[in-house]
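Peer 1: what's the 3D shape of this:
(one chain, ligands or ions: 2)
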Amino acid sequence: MIAAGAKSFLGLPISSHKGISDSNSRSSGVLRACVSMEGSQTMSHNKNGSIPELKSSNGHIGQKQGPLSTVGNSTNIKWHECPVEKVDRQRLLDQKGCVIWVTGLSGSGKSTLACALNQKLYQKGKLCYILDGDNVRHGLNRDLSFKAEDRAENIRRVGEVAKLFADAGIICIASLISPYRVDRDTCRSLLPAGDFVEVFMDVPLEVCEARDPKGLYKLARAGKIKGFTGIDDPYEPPLNCEIALGHEEKGTSPIEMAETVVAYLEHKGYLQA
Ligand SMILES: Nc1ncnc2c1ncn2[C@@H]1O[C@H](COP(=O)(O)OS(=O)(=O)O)[C@@H](OP(=O)(O)O)[C@H]1O
Ligand SMILES: Nc1ncnc2c1ncn2[C@@H]1O[C@H](COP(=O)(O)OP(=O)(O)O)[C@@H](O)[C@H]1O
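Peer 2: Ligands and ions are numbered 1, 2, ... in the order given. Predicted coordinates:
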């Protein structure tokens, strides 16, 4: 129940918070409870593993000062914990957050697979989000070029964002050329073992070049694009990826490829909390 007179929760007007007015949702129960306890409560996991209970704590005010850190150029920073954790979000979604990292040459079918996979998982009621190289370069990474150090920074940022999505409990599909092995491996190392699923679009350069949907290979061959992956910039195929697609035995249509990935996720338990 919302406490009489309560006007806001986490800085949002209560009436505008969808969860508060939706009495059937499990999350709304949690939110209502938080509001009624006037912010001085934290959550702990219920024994039956469903809706977190509330337990008293000091809240933020008067919380013990943790150690300050320096990370890169960020000095005197502190990590903040919240009692609503990844495991709680996963329970709400009935899935496990993870990163499906799709790598391959331009034209190898990364975006097509990402979309087919997203559709398949959506049909199963699973929440996904795609971080596509082309798309992310329209915003977050618009300052980056295709020289090696900018590609590395592109992958690093997407890896960090993908990690946040996985922590949110979402199945994050990152589809980027990500040509350098070391950059992909660094992204892998950001996540707990198993939560980074590397999918290699193992499609030969000749096939990608014949497809050339954007005409980029033609421009690269003509010398009008410099440093194009596969032409005059390297692509380092994975050595130990979880899934390699593009081979006859696994099917070569986007739907068959998506089904292979879904079967992997099902087998590994990612499609349930
Ligand atoms: N020089 C060069 N090399 C490769 N690709 C190029 C280049 N210039 C532009 N493009 C277009 O950019 C898309 C790849 O972006 P990514 O962010 O995935 O690349 S990378 O991971 O940073 O290497 C890529 O999209 P996809 O074809 O979907 O892979 C191209 O459309
Ligand atoms: N499995 C596939 N079989 C045949 N053609 C495909 C397949 N996947 C994608 N394509 C086609 O190949 C081209 C490149 O696909 P796209 O997904 O844009 O690749 P990428 O994102 O790797 O650049 C598109 O014209 C697309 O329709």
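Peer 1: Quick one: neighbours of A168, just the number.
Peer 2: Around A168 there are 15 other residues, counting by other C-beta atoms under 10 Å. C-beta coordinates here come from the backbone N, C-alpha and C atoms, glycine included.
Peer 1: and it, backbone torsions?
Peer 2: With angles defined as degrees, to the nearest 10, A168 sits at phi -70, psi -10.
Peer 1: what residues are up against it?
Peer 2: K86, R89, G97 (C-beta atoms under 8 Å, 6 or more residues apart in numbering).
Peer 1: Can you give me the pLDDT of it?
Peer 2: What the model reports for A168 is a pLDDT of 98.
Peer 1: still on that earlier bit, output the contacts of A168 in TSV, with secondary structure and neighbour count appended to each entry.
Peer 2: Output for the contacts of A168, formatted as TSV (DSSP: H, G, I helix; E, B strand; the rest coil; neighbours: other C-beta atoms under 10 Å):
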residue	secondary structure	neighbour count
K86	helix	14
R89	helix	17
G97	coil	25
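Peer 1: any chance of the residues you listed in a markdown table, with pLDDT and distance to L176 too?
Peer 2: Output for those, formatted as a markdown table (pLDDT from 0 to 100; distance: C-beta to C-beta, whole Å):
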| residue | pLDDT | distance to L176 |
| --- | --- | --- |
| K86 | 98 | 24 |
| R89 | 98 | 25 |
| G97 | 99 | 19 |
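Peer 1: ok, and of those, which contact ligand 1?
Peer 2: Applying C-beta under 6 Å from any ligand atom, the subset of these adjacent to ligand 1 is empty.
Peer 1: okay, now the residue in the stretch 1-150 of the chain that ligand 1 sits nearest to: neighbour count?
Peer 2: Nearest residue of the stretch 1-150 of the chain to ligand 1: G133, at 2.3 Å (C-beta to the nearest ligand atom). Using other C-beta under 10 Å, G133 is surrounded by 21 other residues.
Peer 1: same deal with E242?
Peer 2: Taking other C-beta under 10 Å as the neighbour definition, E242 ends up with a count of 16.
Peer 1: for it, what are its contacts?
Peer 2: With C-beta under 8 Å, 6+ apart, E242 has these contacts: V197, E198, V199, Y264.
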